[in-house]
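J.: Mind folding the following:
(4 chains)
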Protein chains: 2
Amino acid sequence: MTAMDPAEVRTQLGRNLTYGMLDTLGRAIVIGSYQDRVFPTEAELAKEYGVSRSVTREAVKMLTAKGLLSARPRQGTIIQPATSWNLFDTDVLRWLLERKFSVELLRHFNQLRVAIEPEAAALAATYAQPSDLEAIDAGLKRMRAAEQGNDDTLDADIAFHVAVLRASANPFYAQFRDVVSTALRTSIRFTNRIKGRSASVDDHAAVRDAIAARKPDAARKAMKRLIGDVLDLIETADDEPERPAD
Amino acid sequence: MTAMDPAEVRTQLGRNLTYGMLDTLGRAIVIGSYQDRVFPTEAELAKEYGVSRSVTREAVKMLTAKGLLSARPRQGTIIQPATSWNLFDTDVLRWLLERKFSVELLRHFNQLRVAIEPEAAALAATYAQPSDLEAIDAGLKRMRAAEQGNDDTLDADIAFHVAVLRASANPFYAQFRDVVSTALRTSIRFTNRIKGRSASVDDHAAVRDAIAARKPDAARKAMKRLIGDVLDLIETADDEPERPAD
DNA sequence: GGTGGTCTATTTATATGATCTATAGGACTT
DNA sequence: AAGTCCTATAGATCATATAAATAGACCACC
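T.: Numbering: from 1, shown residues only, chains lettered A, B, ... in the order given. Down below sits the predicted model:
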């Protein structure tokens, strides 16, 4: 019940009190800080975070929209079961990945990628516009530059995969852009560890070529190889203990 | 600028004013009602919908959380480009599907399903628990009952697909449960039209058997056939003019 | 003449207190 | 028991006041 310094909440994640509280409270819920005790009432939350009820209500409403909470008169505000959290919301995903980095979550995520991205590549081979191909090429170029140390490896990799997703010309696939960026960016440490052994620039180029050549099946296969490798590595790494990066 | 009767907003979608406004405003944005004019300020919105600023703010905050809006001082509240809308939010998806039923959106959605569900079936073949298999069987049983007219065809179909998604033991796949339900339920008319020609109960049973037999590849193929058929039908139906159900 | 700082109007953000509404759970009745 | 009614509680709504942020105008200075 120690009132939090407003400045502290504000500092957490830019912008303003509402977004600060959204982030702090969201993370707290995901971590499980409210697991055993009854979730505080609106007024208690306001006091706990040292903000007004308006701010509290708006933060709670946003968390409701993301599926983490529900509020009903006389029943109070309650945490929804994790199954109803919107995992494709970048905030929720980030909180989950940050809470206690779990190889399991990363494996689940890559099990998803192995379904999505190859199919996106196949669609891209059919629907990609010239501008999409340019974006893919640009991503590839950045990867090459990164090999020489002239660009960030992770950013380049993300740029490539995002470009393919967009090229699919399907809004549902394009949506994964944020999800993939968030997940890759948040799990930098781990992905770095397996990076050296995994997909090379040449493997990525194979995807690009198949798309450019308008060969859906080839594109699908090339992408599947790219991600399947990563997945294999994660699955074998499953029991490997986590340790800080050097 | 005609002030809306609060009771009217309240009626829109159960619960209370905030959720009523969320739904009405969300739908209006998705339809494109605010496309050419500048988006109203918080105060104007409140007047337009005949509610207080608090209600307005909370509705706007929820729409912000779903990616439809952004608000900054002095700049005002503005509609985000459709690419940043969270399509995996059931509200957003429902608004999109309801606005003006589009075969294109349905095709895009099924292009996603064809990636997700076969892979989910494969994972289910590996990870499904006894209780998951029971749920799948229950869904199948309902489909058989529906054939005899003793259950709802759509509900039964949804139950089956949702059961498979859950059986994948992967939260990301399980997440599609809501998305698939929403999409199927909203596009009843169209799916009914192609239902007769598409997947039969036997095809569904094939998926079930492959999962029960712990054969990932067989499960994947069986599910792909199921959804691939639907997708083919949609793609050929692309130019077919829309007409009301009889 | 352009560069950078400051000022201001506007809009959202925050705070607070009063009042309304829905409802869980108990009290009461049949 | 089974149904009905009551009531305390917690969220929902409203109204109003004040603070904070910033786009754009304005101005001083080099």
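
J.: Show the contacting residues for A:Pro171.
T.: B:Ala82, B:Thr83, B:Leu87, B:His108 (CB atoms under 8 Å, 6 or more residues apart in numbering or on different chains). No exception for glycine: its C-beta is placed from N, CA and C like everyone else's.

J.: Get me the contact residues on chain A for DNA strand C.
T.: A:6, A:16-18, A:51-55, A:58, A:72-75 (CB under 7 Å from any atom of the strand).

J.: sorry, back to before: which among the contacts of A:Pro171 count as buried?
T.: Neighbour-count burial (16 or more other CB atoms under 10 Å in any protein chain shown) applied to the contacts of A:Pro171 gives B:Ala82, B:Leu87, B:His108.

J.: do you know how far the last one is from A:Ala169?
T.: Distance check for B:His108 against A:Ala169: by CB to CB, to the nearest Å, it reads 9 Å.

J.: try the first one
T.: Note on B:Ala82: its distance to A:Ala169, by CB to CB, is 14 Å.

J.: Pull out the buried positions in the helix or strand hosting A:Arg94.
T.: Using DSSP states H and E, A:Arg94 falls within helix A:90-99. Under the neighbour-count criterion of 16+ other CB under 10 Å, helix A:90-99 has A:Thr90, A:Asp91, A:Val92, A:Leu93, A:Arg94, A:Trp95, A:Leu96, A:Leu97 buried.

J.: Give me the three-state assignment for the most far-flung residue of chain A relative to its centre.
T.: The outermost residue of chain A, judged against the average C-alpha position, is A:Arg74 (35.6 Å), by CA atoms, centre = their mean. In three-state terms, and counting by DSSP: H, G, I helix; E, B strand; the rest coil, A:Arg74 is coil.

J.: picking that back up, what subset of the contacts of A:Pro171 is also close to chain A?
T.: Near chain A, judged by CB under 8 Å from any CB of the partner chain, the entries from those are B:Ala82, B:Thr83, B:Leu87, B:His108.

J.: Which ones among those residues lie within helices?
T.: B:His108 (DSSP state H).

J.: of all the ones next to chain A among the contacts of A:Pro171, which comes closest to A:Arg208?
T.: B:Thr83 (22.5 Å; CB to CB).

J.: my read: the closest one touches A:Phe176, true?
T.: No - with contacts counted by CB atoms under 8 Å, B:Thr83 stays clear of A:Phe176, the gap being 11.9 Å.

J.: Shouldn't A:Ser70 be within a strand?
T.: Yes - assessed with three-state DSSP, A:Ser70 lies in a strand.

J.: number of nearby residues for it?
T.: Per other CB atoms under 10 Å in any protein chain shown, the neighbour tally for A:Ser70 reads 15.

J.: residue contacts, it?
T.: A:Thr64, A:Thr77, A:Ile78, A:Gln80.

J.: Now do the buried residues in stretch A:112-131.
T.: Those buried within stretch A:112-131 under the rule 16+ other CB under 10 Å are A:112-125, A:127-128.

J.: Of these, which ones also sit close to chain B?
T.: A:Leu112, A:Val114, A:Ala115, A:Ile116, A:Pro118, A:Glu119, A:Ala120, A:Leu123.

J.: I'd like the secondary structure assignment at the last one, please.
T.: Classification of A:Leu123 using three-state DSSP returns helix.

J.: now it: how far from B:Asn170?
T.: In terms of CB to CB, A:Leu123 sits 22 Å off from B:Asn170.

J.: touching chain B at all, stretch A:44-56?
T.: Yes - interface with chain B: stretch A:44-56 contributes A:Ser54 (CB under 8 Å from any CB).

J.: Start and end of that stretch, how far apart?
T.: End-to-end span of stretch A:44-56 (CA to CA, to the nearest Å): 10 Å.

J.: Quick check: next helix or strand after the helix or strand of chain A with the lowest mean pLDDT?
T.: For chain A, counting by mean pLDDT, DSSP states H and E, helix A:6-12 ranks last in confidence among helices and strands (a mean of 45). Toward the C-terminus, helix A:6-12 is succeeded by helix A:17-31 as the next helix or strand (DSSP H and E).

J.: Against which helices or strands is that following helix packed?
T.: helix A:6-12, helix A:42-49, helix A:53-65, helix A:90-99 (3 or more CB pairs under 8 Å, 6 or more residues apart in numbering or on different chains; DSSP states H and E).

J.: and those helices as CSV, adding distance to B:Glu134?
T.: Formatted as CSV, the helices and strands packed on helix A:17-31 follow (distance: least, CB to CB, whole Å):
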stretch, distance to B:Glu134
helix A:6-12, 45
helix A:42-49, 40
helix A:53-65, 32
helix A:90-99, 29
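
J.: Map the structural domains onto the sequence of chain A.
T.: For chain A, automatic domain parsing gives the domain ranges A:6-83, A:101-239.

J.: roughly how far is the last one from the heart of the chain?
T.: Think domain A:101-239. 14 Å (CA atoms, centre = their mean, to the nearest Å).

J.: tell me the average confidence for it?
T.: Domain A:101-239 carries an average pLDDT of 87.

J.: Write out the residues of chain A neighbouring chain B.
T.: Among all residues of chain A, those adjacent to chain B (criterion: CB under 8 Å from any CB) are A:18, A:54, A:57-58, A:61-66, A:82-84, A:86-89, A:108-109, A:111-112, A:114-116, A:118-120, A:123, A:170-175, A:178.

J.: at 6 Å instead, please
T.: A:58, A:61-62, A:65-66, A:87-88, A:108, A:111-112, A:115-116, A:119, A:170, A:172, A:175 (CB under 6 Å from any CB of the partner chain).

J.: what two of those residues are the furthest from one another?
T.: It's A:Glu58 and A:Glu119 that sit farthest apart of these, by CB to CB, at 38.1 Å.

J.: So which of the buried residues of stretch A:112-131 is the closest to B:Leu133?
T.: Closest to B:Leu133, out of all of those and judged by CB to CB, is A:Ala115, at 21.5 Å.

J.: now the angle between helix B:103-127 and the helix or strand hosting that closest one, please.
T.: For A:Ala115, the element it lies in under DSSP H and E is helix A:103-127. If you take axes from the mean of the first three to the mean of the last three CA atoms, to 10 degrees, helix A:103-127 sits at 140 degrees to helix B:103-127.

J.: next SSE after helix A:103-127?
T.: helix A:130-147.

J.: contacting residues around that next one?
T.: Contact partners of helix A:130-147, identified using CB atoms under 6 Å, 6 or more residues apart in numbering or on different chains, comprise A:Asp151, A:Thr153, A:Ala156, A:Ala159, A:Phe160, A:Ala163, A:Ala167, A:Val201, A:His204, A:Arg208, A:Ala212.

J.: quick one: it to helix A:103-127, angle?
T.: Here the directions of helix A:130-147 and helix A:103-127 differ by 140 degrees (the same axes, to 10 degrees).

J.: quick one: buried residues of helix A:130-147?
T.: Neighbour-count burial for helix A:130-147 [16+ other CB under 10 Å]: A:Asp132, A:Leu133, A:Ala135, A:Ile136, A:Gly139, A:Leu140, A:Arg142, A:Met143, A:Ala146.

J.: closest to A:Ile234 among those?
T.: A:Met143 (20.9 Å).
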